[in-house]
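> A structural model of the following input is requested.
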Amino acid sequence: MKLVAVLLVGIVCVSCAFAQGPPKPAPEVQKIGYFVGSWTSEGDMKAGPMGPGGKVTIQEEGKWMDGNFFVVFHASFKGSTGDGTGIAVMGYDTQENVYTYDEYNSVGEANHFKGTVEGDTWTWNSEMKMGPQTVKGKFTQKILSPTSYSFKFEMSMDGTTWNLIMDGKATKK
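Residues are numbered from 1 along each chain as shown. The predicted structure follows:
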């Protein structure tokens, strides 16, 4: 009997939510609209723990998911460490007041970043395992125009000394 009462309360709550209309994205979500479109990124990978270094090219298409809460990216990349594809989702976490970026690619990586934006600069932070060690990652994007931004990816063992892994520029078609 208790289960029936709980289900009825749940149905009433869901009905009330739909009666108010579909949820609306937080105002912060509008900022990620900048990344919607077809982008070409050209970067310079530095020789180091991530590989031998060299040029990297990324083709990326970002589109709003239905509801306009998230931008979904499909990407292909070419570089000295190999070629591949990836999929990512960018959004905004209203509970933590941070942007989110979760990427999965064909070389077996799963990357999870939390980001902030100040003025024209987006800063994305993550922690990743490299063997037994946890390494901090920082990806910074500086908006140069409505159709371009510069970027750099840095890594740190301690969170204070950062090593440049890759830098470059992205251009929207």
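> what are the ranges of the helices in this protein?
For the chain, the helices defined by DSSP state H cover 2-19.
> residue ranges in it under the pLDDT threshold?
In the prediction, the chain carries residues with pLDDT under 70 at positions 1-19, 49-50.
> just give the number of residues close to the residue lying closest to residue 169 once chain neighbours are set aside.
Excluding the flanking residues, the one nearest residue 169 by Cβ to Cβ, 6 or more residues apart in numbering is residue 150, at 5.2 Å. Quick note: C-beta positions are derived from backbone N, CA and C, even for glycine. Residues contacting residue 150 under the criterion other Cβ atoms under 10 Å number 15.
> which residues does residue 150 bridge with?
residue 142, residue 169 (DSSP bridges).
> wait, it sits on residue 139?
No. Between residue 150 and residue 139 there is no contact, the gap being 11.7 Å when judged by Cβ atoms under 8 Å.
> ok, the residue nearest to residue 169 - contacts?
Taking Cβ atoms under 8 Å, 6 or more residues apart in numbering, we find residue 150 in contact with 141, 142, 144, 167, 168, 169, 170.
> how many residues are close by the fifth one?
Think residue 168. By the measure other Cβ under 10 Å, the count of residues near residue 168 is 18.
> still on that earlier bit, buried subset of the contacts of residue 150?
Buried members of those, scored by 16 or more other Cβ atoms under 10 Å, are 141, 168, 170.
> if you drop the residues flanking it in sequence, what lies closest to the first one?
What it means is residue 141. Excluding the flanking residues, the one nearest residue 141 by Cβ to Cβ, 6+ apart is residue 122, at 4.3 Å.
> leaving out the residues flanking it, which one is nearest to the most centrally placed residue in the chain?
Residue closest to the average C-alpha location in the chain (Cα atoms, centre = their mean): residue 101, at 2.4 Å. Spatially, and ignoring its direct neighbours in sequence, residue 101 is nearest to residue 113 (4.3 Å; Cβ to Cβ, 6+ apart).
> now do residue 98
Distances taken as Cβ to Cβ, 6+ apart place residue 114 nearest to residue 98, at 4.5 Å, with adjacent residues excluded.
> and that neighbour, how close does it get to residue 86?
Going from residue 114 to residue 86 by Cβ to Cβ, to the nearest Å gives 19 Å.
> do the same with residue 21
Distance of residue 21 to residue 86, given as Cβ to Cβ: 35 Å.
> more neighbours: the two, which one.
Neighbour totals were compared for residue 21 and residue 86, and residue 86 leads with 18 against 7 (other Cβ under 10 Å).
> show me what contacts that one?
Here residue 86 is in contact with 73, 74, 75, 76, 77, 103, 104, 105, 106 (Cβ under 8 Å, 6+ apart).
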